[in-house]
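> sequence plus the predicted model coming up.
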There are 2 protein chains.
Amino acid sequence: MNILVVDDDREIVDSIAIFLSGENYTVFKAYDGIEALDILTEKDVHLMILDIMMPKLDGIRTLMKLRESKNVPVILLSAKSEDADKILGLTAGADDYVTKPFNPSELVARVKSQLRRYTTLGSIGKQNNEISIDGLVLNTESKTVKVDGEDVRLTSTEYKILELLARNRGRLFSADDIYRNVWNEDNIVGDKTIAVHIRHIREKIEINPKEPRYLKVVWGIGYKID
Amino acid sequence: MNILVVDDDREIVDSIAIFLSGENYTVFKAYDGIEALDILTEKDVHLMILDIMMPKLDGIRTLMKLRESKNVPVILLSAKSEDADKILGLTAGADDYVTKPFNPSELVARVKSQLRRYTTLGSIGKQNNEISIDGLVLNTESKTVKVDGEDVRLTSTEYKILELLARNRGRLFSADDIYRNVWNEDNIVGDKTIAVHIRHIREKIEINPKEPRYLKVVWGIGYKID
DNA sequence: TCACATTTTGTCGAATTCTTCAATTCTCAT
DNA sequence: ATGAGAATTGAAGAATTCGACAAAATGTGA
């Protein structure tokens, strides 16, 4: 892994470099924003540690310029611990903000955390966003539903109810449970509303709504998907 | 976006919830690790703020259990500012570590930063600067758009919206999601603005805006590109 | 400053979706 | 078998949402 360290104070750059090298990272060094951007285009940088106060091009501007084209993780470094500065930096596109003086081990831990997110944990698209139950397939990202390969159009409320039940296959939900989960508030009136939505879902996903294949009722208690 | 806040101190949970709600996040609350894990399976959580000191199941253990199956970003919260604790937490799989007492605005900024990394910035290997969807081709470098080979002139706002949707093909964005991503701030007023931009984009890239080939609406939820 | 392009806001009608209510059917326990 | 409670069904009014248009606000370059 290649890490670019940018600070106009050479001593700081060197000491950070020593700690990172000790963790077997390859370290590139730069002493102002222009140099940093140069290295970023030339080399394959996996993470950047960037000081804010620098001559020529300060850290925030460097970061903003970088974000126009690359999504490399950036940890900002600054002597200023003012909250406003932190917020500015994080808003400008930084992934973390560390104030000087810092504990080298903590910095290394934060580097590792960011690299883990960037490389192994990945982003939202990577994870499994399909819930599959027999011929019933929910895609939680596009909020779509397929039954035996056929696309089925559910309304937003219908989808939310179905996702709740599908996500917790086998678990029993009373009408009130469902209401609380989907509406995020308590149901004051009766539970007819849920019943009607259940019917609509059944009409759409069940071949024979009278003999539900998925969406089953447990008498006197609630609904579930086996 | 859904955020889960976990702390055994209800006052802290409530106050964090207020700040996050103000930023238009949906907030789920839990008061120990067990509850947290329950909600994580039931709901689609996009980020978790997790206190370390908790009864039943402490934050670190909760985090480790979570990491067995999910890669949701986690921000640890702790009264201890010992470096060793920070390092332990970050090593266990956390994405960030904030010590109490904290500045709410900073916490919100860190939440946004993590969500950005998780959702829009994405992970390694996305250097390709052309996004191609059927006859629709976006060049993210020159910020130009072609439809069936024909150049199309989009305004900057229009382009940003289209890129967001194209970059996350299949994923559904509510009007608020789009606003937050493109403007980097919350939408206080209604969602007419997005609707109008969507129409303009459609007028330009769709042959028949009434029957959109690319930019589809999902009633009651939002927009997407299949 | 003015003219022009872009972005944002406000209003309206049509379409879709949600909720309510009443009638009917079904299930379980006796 | 029967009755009470529970679930399903049908229909209709209420509430939302989307898209179209117009117009106001904002930004930009000559």
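Nice, I can see it.

> can you show me the helices along chain A?
A:10-22, A:33-42, A:59-67, A:83-91, A:104-115, A:156-167, A:175-183, A:192-205 (DSSP state H).

> do you know which of the ones you listed lies nearest DNA strand C?
helix A:156-167 (3.0 Å; CB to the nearest atom of the strand). All C-beta spots, glycine's among them, are computed from the backbone N, C-alpha and C.

> any part of that closest one near chain B?
Yes: using CB under 8 Å from any CB of the partner chain, helix A:156-167 reaches chain B at A:S156, A:T157, A:E163, A:L164, A:R167.

> for these, which one is nearest chain B?
A:S156 (3.8 Å; CB to the nearest CB).

> contact partners for that closest one?
A:S156 makes contact with A:K143, B:V218, B:W219, B:G220, B:I221 under the criterion CB atoms under 8 Å, 6 or more residues apart in numbering or on different chains.

> which of these come close to DNA strand D?
Restricting the contacts of A:S156 to those near DNA strand D by CB under 7 Å from any atom of the strand leaves B:W219, B:G220, B:I221.

> chain center to stretch A:27-47, what's the gap?
27 Å (CA atoms, centre = their mean, to the nearest Å).

> what residues does it touch?
The contact list for stretch A:27-47 (CB under 8 Å, 6+ apart) reads A:1-8, A:10, A:13-14, A:16-17, A:20-21, A:48, A:50, A:54-59, A:61-62, A:65-66, A:70, A:72-75, A:111, A:114-115, A:118-119, B:124.

> next, work out how far apart A:M64 and B:S81 are.
A:M64 sits 30 Å away from B:S81, taking CB to CB, to the nearest Å as the criterion.

> follow-up on the earlier one: relative to DNA strand C, which of the contacts of A:S156 is nearest.
Using CB to the nearest atom of the strand, the contacts of A:S156 come closest to DNA strand C at B:W219, 3.5 Å.

> looking at it, the closest one is touching A:T155, isn't it?
Yes: taking contacts as CB atoms under 8 Å, B:W219 lies within contact range of A:T155: 6.7 Å.

> and those two? Which one has more around it.
A:T155 (16 against 8; other CB atoms under 10 Å in any protein chain shown).

> and the end-to-end length of stretch A:167-178?
With CA to CA, to the nearest Å as the measure, the ends of stretch A:167-178 fall 13 Å from one another.

> cool, stretch A:169-186 as well?
23 Å.

> just stretch A:36-51 next, same as before
11 Å.

> pLDDT at the closest residue to A:N181 other than its chain neighbours, what is it?
Excluding the flanking residues, the one nearest A:N181 by CB to CB, 6 or more residues apart in numbering or on different chains is A:L164, at 5.2 Å. Confidence at A:L164, expressed as pLDDT, is 93.

> now A:I124
For A:I124, the pLDDT comes out at 64.

> skipping adjacent residues, who's closest to A:K160 in space?
Distance criterion CB to CB, 6+ apart; nearest residue to A:K160, sequence neighbours excluded, is A:V182 at 4.6 Å.

> around the one you found, count how many other residues there are.
Neighbours of A:V182 (other CB under 10 Å): 20.

> now swap in A:E206 and tell me
16.

> and it, what does it touch?
A:P212, A:R213, A:Y214, A:L215 are the contacts of A:E206 under CB under 8 Å, 6+ apart.

> distance of A:H200 from A:K86?
Using CB to CB, one obtains 49 Å as the distance from A:H200 to A:K86.

> the two - which one has more neighbours?
A count of neighbours by other CB under 10 Å puts A:K86 above the other of A:H200 and A:K86, at 23 against 16.

> pretty sure the more buried one sits against B:L107.
No: checked against CB under 8 Å, the pair A:K86 and B:L107 is beyond contact range at 10.4 Å.

> how about A:Y179, nearest residue that isn't a chain neighbour?
According to CB to CB, 6+ apart, the nearest residue to A:Y179 is A:N187 (3.8 Å).

> beta partners for A:S132?
A:V137 (DSSP bridges).

> that one: how many residues sit nearby?
The local packing of A:S132 (other CB under 10 Å) involves 12 other residues.

> again with the one 10 residues further on
When counting by other CB under 10 Å, one arrives at 18 neighbours for A:S142.

> who touches the nearest residue to it once chain neighbours are set aside in this structure?
Counting by CB to CB, 6+ apart, A:S142 lies nearest to B:G170, which is 4.6 Å off, once chain neighbours are set aside. Counting by CB under 8 Å, 6+ apart, B:G170 touches A:N139, A:E141, A:S142, B:K224, B:I225, B:D226.
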